[in-house]
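Participant: this one's sequence-less:
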Ligand SMILES: Nc1ccn([C@@H]2O[C@H](COP(=O)(O)OP(=O)(O)OP(=O)(O)O)[C@@H](O)[C@H]2O)c(=O)n1
Ligand SMILES: C[C@](O)(CO)[C@H](O)COP(=O)(O)O
């Protein structure tokens, strides 16, 4: 029986902050493109989602060649990326026709997500409509407005990661809205459509590869990660 779980893995960015010629999702982690680890995390979890990879059309041929070169065979559907993360997610979502679907959206550049967190997110979204992975701030936090800083209550602050997982109807309503620059993630889009967002606890190790140093940090974390059975 086919799964009603889906994941839209967004890999349509150009990685300006990484400042590498090749978009960061294709950079090597211990000798393999880091996006491979991302797909493998979802393929290896118990929820067994259908995997949709969203990528700029200029890189489709490169991706197919890379999969072939490395013998990477994790099944997935390839979809064209958009001009922003919002448009890439929307393109991926529009390929899903199953209205019972539970859909995770995940950054291709978060290759270290624990399978246990992915499964918990699908279960929670199935029961409560959505689940957004987040971690508590380890540092004290301050807000600056017009040059004046003030302390925030740390216990009220969560740092949001992906996966962000939703039942079909919530993502449908969310991504029908016009694009707004305040949309930084899927939770902000779904919230703007009127749905309260449920946070579930993630791990600090679920880092997003954003800057050059993140590659070395991810390789170190990977060396400490237990390998799958
Ligand atoms: N048009 C876009 C822009 C971003 N993304 C994806 O959204 C995720 C998170 O975005 P970010 O880390 O900001 O990636 P980039 O946009 O590539 O990086 P930068 O902001 O430094 O340019 C990444 O997996 C990226 O590939 C996407 O699918 N389509
Ligand atoms: C979606 C995200 O990873 C949640 O933390 C984040 O908002 C992506 O932000 P970016 O500005 O595209 O790096």
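Facilitator: Yes, it's here. The structure displayed is predicted, hence computed values, not measured ones. Ligands and ions are numbered 1, 2, ... in the order given.
Participant: so what's the residue nearest the centre of the chain bridging to?
Facilitator: Centroid-nearest residue in the chain, with C-alpha atoms, centre = their mean: residue 106, separated by 1.7 Å. Per DSSP bridges, the residues bridged to residue 106 are residue 9.
Participant: residue contacts, it?
Facilitator: Under the criterion of C-beta atoms under 8 Å, 6 or more residues apart in numbering, the contact list for residue 106 reads 7-10, 38, 42, 113, 162-164. For glycine as for every other residue, the C-beta is placed from the backbone atoms N, C-alpha and C.
Participant: so which of those residues comes closest to ligand 2?
Facilitator: Using C-beta to the nearest ligand atom, residue 162 comes nearest to ligand 2 of the contacts of residue 106, at 5.1 Å.
Participant: So that closest one: helix, strand or coil?
Facilitator: Under the three-state scheme (DSSP: H, G, I helix; E, B strand; the rest coil), the conformation of residue 162 reads as strand.
Participant: And the strands in this structure?
Facilitator: Shown for the chain, the strands assigned by DSSP state E span residues 5-11, 28-29, 32-33, 50-55, 77-80, 102-107, 130-136, 142-145, 148-151, 158-167, 199-201.
Participant: possible to save those strands as a markdown table with distance to residue 208 and mean pLDDT?
Facilitator: Conversion of the strands of the chain to a markdown table gives the following (distance: least, C-beta to C-beta, whole Å; pLDDT from 0 to 100):
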| stretch | distance to residue 208 | mean pLDDT |
| --- | --- | --- |
| strand 5-11 | 11 | 98 |
| strand 28-29 | 13 | 97 |
| strand 32-33 | 16 | 98 |
| strand 50-55 | 16 | 98 |
| strand 77-80 | 21 | 98 |
| strand 102-107 | 6 | 98 |
| strand 130-136 | 12 | 98 |
| strand 142-145 | 22 | 98 |
| strand 148-151 | 25 | 98 |
| strand 158-167 | 7 | 98 |
| strand 199-201 | 17 | 98 |
